[in-house]
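Undergrad: Using only what follows, build the 3D model:
(4 chains)
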Protein chains: 2
Amino acid sequence: MNIKIAIAEDNNFLAQSIEEKLALFEDFKFKFRGKNGAEFIGKLEEDHVIDVVLMDIQMPEMDGIKATELIKNRYPQIKIIMLTVFDDDENIFNAIKAGADGYLLKEITPDTLHDGICQVLEGGAAMTPSIAAKALNLLRFPEKITADKVQVEEISLTKRETEILEQLSKGLNYQLIAENLFISPPTVRKHIENIYKKLQVHNKMEAVQKAMKNNLI
Amino acid sequence: MNIKIAIAEDNNFLAQSIEEKLALFEDFKFKFRGKNGAEFIGKLEEDHVIDVVLMDIQMPEMDGIKATELIKNRYPQIKIIMLTVFDDDENIFNAIKAGADGYLLKEITPDTLHDGICQVLEGGAAMTPSIAAKALNLLRFPEKITADKVQVEEISLTKRETEILEQLSKGLNYQLIAENLFISPPTVRKHIENIYKKLQVHNKMEAVQKAMKNNLI
DNA sequence: TTCAATATACGACAAATGACGTATTGAAAG
DNA sequence: CTTTCAATACGTCATTTGTCGTATATTGAA
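TA: Prediction:
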């Protein structure tokens, strides 16, 4: 087995790091690298005997989303795995739309990268569980895709707060939420009080609306 | 770490097989099993100290999709992984819509099952790469999703009721809604009372959730 | 190791909500 | 012409919610 791999990545340092991970496996053969989407496609036209492309998203000239679209158009047999630091809904969705076969984060271990590449070659999709969760969420709530990216305020809820807010959004009252989470109702109320302060709202409905608008739940 | 797991599976043989896989891991504690959705939920109400549910889809009485929907409604914190032999688009999509946190096939190895369970507990989604590929495909080509077979109940709100429900969903209180619509607060309350009866819910949040689900607002 | 953040818990009180009742008016349907 | 339905309005009462306090244990980062 000789799997031919190309990389599209503008950062020299990161590209180097990826190449080193690939070099750990005998069945991988690194072919070439492009510093941006345009250059990459240029090189690909010279040598399109490529099995898998590891594609960065944020690149000058042409980003990885557009490049993926073009490549999938001309070379549908080539598998493309996004390899990026961004895991926001917008990028994930656009990558999938463009035809990506996988979406992994750059802090990946060599073994996981190896697995992912093998999986896409077998027709599967390579994703970290957290990315998979976001993808499922997009499937479940398609309206989020059009979500505004305008006022991305810096609101951060703790894990517990998010958990409680989710239950609030289902219509559960303090008592039931407390039972579910094995804490006392006063604690639930205190958490909710804190949530309201963070979101600058004054009742459940506003909190849920604002949280959904900002993809907090 | 002691992860509490319950199983919904009608087939004794398969249930036994799953239990044996779980038994290989010390951090797993098998709690109980239901032979169908209805029985399972009955048991869950007696003991809801459950972290993860392994849910079959095809079951008598109540199938795993419906059971998932109900459980996620009442106990949103419980993670649910579908464990089934069917990997068709229809079932995958419905499971996701119902709120499943993962979708695995029954011929799974104990180690992969273990990984999947740990992943969902960390907020990720558990999927085999082939399932992930199908899920991505659904995202990419939404038209493949054969129209909602979930029967939309015939709920009809009057114009006034819809109007009021919309304002409710924004977080306005009775007083403000009354001012907006130039009617008295008692009238607003009466309308809302009627809305609750029609939707068979008992508070604002449930009403808004159900209305959105049924495209009433 | 100290400090900030988080999660936990309780009490009190005013305001809002949910659930019930009753009742009048106007408009649409038969 | 009656009957039904939608919309309006009011009252009562128990429960829930929102907003204040205060306080302790844990935890992770500086």
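Undergrad: residues of the lengthiest helix in chain A that come out buried?
TA: The single longest helix within chain A, with elements called by DSSP state H, is helix A:185-199. Within helix A:185-199, the residues that qualify as buried are A:Val188, A:His191, A:Ile192, A:Ile195, A:Tyr196, A:Lys198, A:Leu199, counting by 16 or more other C-beta atoms under 10 Å in any protein chain shown. Every C-beta, even on glycine, is put in place using the N, C-alpha and C of the backbone.
Undergrad: now, which of these sits nearest DNA strand D?
TA: Checking the buried residues of helix A:185-199 against DNA strand D with C-beta to the nearest atom of the strand, the nearest one is A:Tyr196 at 4.4 Å.
Undergrad: My read is that that closest one contacts A:His202, right?
TA: Yes. Between A:Tyr196 and A:His202 a contact is recorded at 6.2 Å, counting by C-beta atoms under 8 Å.
Undergrad: Contact partners for the residue nearest the centre of chain A?
TA: Among the residues of chain A, the one closest to the centroid is A:Asp87, at 3.1 Å (C-alpha atoms, centre = their mean). When contacts are counted by C-beta atoms under 8 Å, 6 or more residues apart in numbering or on different chains, A:Asp87 touches A:Tyr103, A:Leu105, A:Ser130, A:Ile131, A:Lys134.
Undergrad: Now the two most distant members of these.
TA: Greatest spatial distance in the contacts of A:Asp87: A:Leu105 and A:Lys134, 11.6 Å, computed using C-beta to C-beta.
Undergrad: does the residue lying closest to A:Phe25 once chain neighbours are set aside count as helix, strand or coil?
TA: Excluding its sequence neighbours, the residue lying closest to A:Phe25 (C-beta to C-beta, 6 or more residues apart in numbering or on different chains) is A:His114, at 5.4 Å. Three-state assignment for A:His114 (DSSP: H, G, I helix; E, B strand; the rest coil): helix.
Undergrad: what's around A:His114, how many residues?
TA: Other residues within reach of A:His114, judged by other C-beta atoms under 10 Å in any protein chain shown, total 18.
Undergrad: Return the set of buried residues in the helix or strand bottoming out on mean pLDDT in chain A.
TA: Every helix and strand of chain A was ranked by mean pLDDT, DSSP states H and E. The lowest is helix A:129-140, at a mean of 78. Under the neighbour-count criterion of 16+ other C-beta under 10 Å, helix A:129-140 has A:Pro129, A:Ile131, A:Ala132, A:Ala133, A:Lys134, A:Ala135, A:Leu136, A:Asn137, A:Leu138, A:Leu139 buried.
Undergrad: again with stretch A:38-46
TA: So stretch A:38-46, judged by 16+ other C-beta under 10 Å, has buried residues A:Ala38, A:Glu39, A:Phe40, A:Ile41, A:Lys43, A:Leu44.
Undergrad: any idea where the helices of chain A begin and end?
TA: Under DSSP H, chain A gives helices at A:12-23, A:37-46, A:64-74, A:89-98, A:110-121, A:129-140, A:159-169, A:174-181, A:185-199, A:204-213.
Undergrad: No more questions from me, cheers.
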